[in-house]
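1. For reference, the sequence and a predicted model appear below.
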Amino acid sequence: MSSIKQVLSKDMVGKKVQLRGWIYRTRSSGGIVFAVLRDATGIIQVTVKKGNVPDHDFEDAAKAAIESSVMIEGEVAEDKRAPGGFEVRASRFTVVGFSEPFPITEYQSTELLLDQRHLWIRSREQNAVAKVKAALLKGARDWFHENDYVEVTPPIVTAVAPEDSTTLFQIKYFDRIAYLSQSAQFYLESLIFSLEKVYSLTPSFRAEKSRTPRHLAEYWHMEMEAAWMDNEGNMEVQEQLVTAMLQNAVKECPMELQLLKRDPATLRKIEPPFERMKYQEAMDYLQSKGQDVRWGSDLGAIEERTITVDKQLPVFIVNYPKELKPFYMKENPEDPRTYKNSDLLAPEGYGEIIGGSERETDNARMIAWLEEKGENMDNYKWYLDLRKYGSVPHSGFGLGIERIVTWVCKLDHIRDAIPYPRTVARVYP
């Protein structure tokens, strides 16, 4: 049994092959059925001619609808009119499972495609996105492995909030209240004192009532923490990691990228160093573009798009005001109004893909912030313990997998970067 990708080659012309998959498109003309077959690797036209296959096979081919599962045997031929330039001229055509009329046709609303997500993930576009995503993840894991990071498995159920506690998903955990994790950061920080350099890939949950094209309530989060690292070293890791992810996607998925209208050459050119733009410089630039921003303004989708729409490489925004970021970030000694942190924005208007910082090592500062916010200090006791026993400078970041996929695959909405999107309006299917 061959894959379609293996058959799409001049070396295969004239050879007998066996294929199996699902009918992607079908039409008949007199005594010929033209069925486009798809499998996980691609599509190819299959020509079923009456008299060249058993009568039963031809009858089944004529009535098999889109998404019917089939197995075929035949000879590979070159045909410039066929998708991919090749076809298989069938000698056998066996229907494994007939399909009922498929509920998704060429033009459908976004809501219908979301309601039928369990079927829409069969589309070539969703197939391509999934493969690119897998290649990006493999590139990341390979880079971490080559640079002596240890992959760890932090918990998803937690009692603490690394980010805004108002966006926690609360759950009943036996006889107490717990939360779904927003970030693995605190647990990764605890592990650097034995492993020094760690990373994880986990789902994260944010109960944000946001309906923008960049937000999901559940997403996949790749996070890193490293001992003995300042914020500049942290940004260098991000540059190298993102570059490794992109290069692996280009290497493994050039056809998928092209199907998604992404020229692989634009990704191949992305290499460190990435531009560093201070927060104040970003404010000045946005004001020059007519944006109504000032010191203390956060960067939303519009502002990030304005900064990056004409960029070809990612850009770091560094040293945000303290009021915009969480308590665990290290104060910037050059400007105590700010933190030693950065957000990495993707080019072409896609916006933030990574947030990171050097971590605060002064417990007194963190305690003051937590008390000011009215947080339950008992929940953070273990985290504050980390600074009591041999604290070291350390840094880390969180990378939103679906956000980098949205950029790489040139998607209009982040919901298409994950098989089953969870948003404020959707938990089905």
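-> In hand now; what should we look at?
2. Partner strands of the longest strand seen in the chain and their direction?
-> Using DSSP state E, we find that the single longest strand of the chain is strand 16-29. Next to strand 16-29 in the sheet, as set by DSSP bridges, lie strand 32-39 (antiparallel), strand 69-78 (antiparallel).
3. How many neighbouring residues does Asp284 have?
-> 12 (other Cβ atoms under 10 Å). (Glycine included, C-beta is placed from N, CA and C.)
4. average model confidence for the helix or strand containing it?
-> If you go by DSSP states H and E, Asp284 is part of helix 279-288. For helix 279-288, mean pLDDT rounds to 98.
5. tell me which residues in it are buried?
-> Of the residues in helix 279-288, 279, 282-283, 286 count as buried by neighbour count, 16 or more other Cβ atoms under 10 Å.
6. Same list, those, but as TSV with distance to Met235 please.
-> Listed next are these as TSV, based on distance: Cβ to Cβ, whole Å:
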residue	distance to Met235
Tyr279	14
Ala282	15
Met283	20
Leu286	21
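7. quick check, nearest of those to Arg27?
-> Leu286 (53.1 Å; Cβ to Cβ).
8. for the closest one, what are its contacts?
-> Shown in contact with Leu286 (Cβ atoms under 8 Å, 6 or more residues apart in numbering): 293, 303, 306-307.
9. Cross those residues against helices and list the overlap.
-> Those of the contacts of Leu286 mapping onto helices are 303, 306-307, per DSSP state H.
10. Contacts only, for Tyr149.
-> Contacts for Tyr149 (Cβ under 8 Å, 6+ apart) come out as 197-199, 224, 226.
11. Number of residues surrounding the closest residue in space to Ile66 that isn't next to it in sequence?
-> Leaving aside its chain neighbours, Ile66 sits nearest to Phe102 (4.8 Å; criterion: Cβ to Cβ, 6 or more residues apart in numbering). By the criterion of other Cβ under 10 Å, Phe102 has 14 neighbours.
12. Check whether Phe102 sits in a helix, strand or coil.
-> coil (DSSP: H, G, I helix; E, B strand; the rest coil).
13. Please apply the same query to Leu201.
-> Per three-state DSSP, Leu201 ends up strand.
14. who's in contact with the nearest residue to it once chain neighbours are set aside?
-> Nearest residue to Leu201, sequence neighbours excluded (Cβ to Cβ, 6+ apart): Met222, at 5.1 Å. Contact partners of Met222, counting by Cβ under 8 Å, 6+ apart, are 137, 140, 199-201, 398-399, 401.
15. tell me which of these is nearest to Tyr380?
-> Of those, the one sitting nearest to Tyr380 (Cβ to Cβ) turns out to be Gly398, at 18.9 Å.
16. okay but the closest one is in contact with Ser183, surely?
-> Yes. Between Gly398 and Ser183 there is a contact at 5.8 Å, judged by Cβ atoms under 8 Å.
17. Check the contact lists of the two and give me the overlap.
-> 204, 221, 223.
18. out of these, which is most surrounded?
-> That'd be Glu223 among those, by other Cβ under 10 Å, with 24 neighbours.
19. is it true that that residue touches Gln185?
-> Yes. Counting by Cβ under 8 Å, Gln185 is a contact partner of Glu223 at 6.1 Å.
20. list the residues that contact both of the two?
-> With Cβ under 8 Å, 6+ apart as the test, Glu223 and Gln185 both reach 396, 398.
21. Once you drop chain neighbours, what's closest to Trp382?
-> Per Cβ to Cβ, 6+ apart, closest to Trp382 is Ser190, 7.8 Å.
22. Quickly find the element holding the one you found.
-> helix 185-195.
23. so how far is that helix off the chain centroid?
-> Relative to the mean C-alpha coordinate of its chain, helix 185-195 is positioned 24 Å out (Cα atoms, centre = their mean, to the nearest Å).
24. for it, which positions count as buried?
-> So helix 185-195, judged by 16+ other Cβ under 10 Å, has buried residues 185-192, 195.
25. what residues are up against the residue nearest to Trp382?
-> Ser190 touches 382-383, 386, counting by Cβ under 8 Å, 6+ apart.
26. Tell me which residue of the chain is positioned farthest from its centroid.
-> Gly51 (48.6 Å; Cα atoms, centre = their mean).
27. quick one: the helices in the stretch 51-200 of the chain?
-> 55-63, 110-115, 117-120, 124-146, 185-195 (DSSP state H, counting those that start in this stretch).
28. Of these, which is nearest Ala178?
-> Comparing these against Ala178 with Cβ to Cβ, the closest turns out to be helix 185-195 (14.1 Å).
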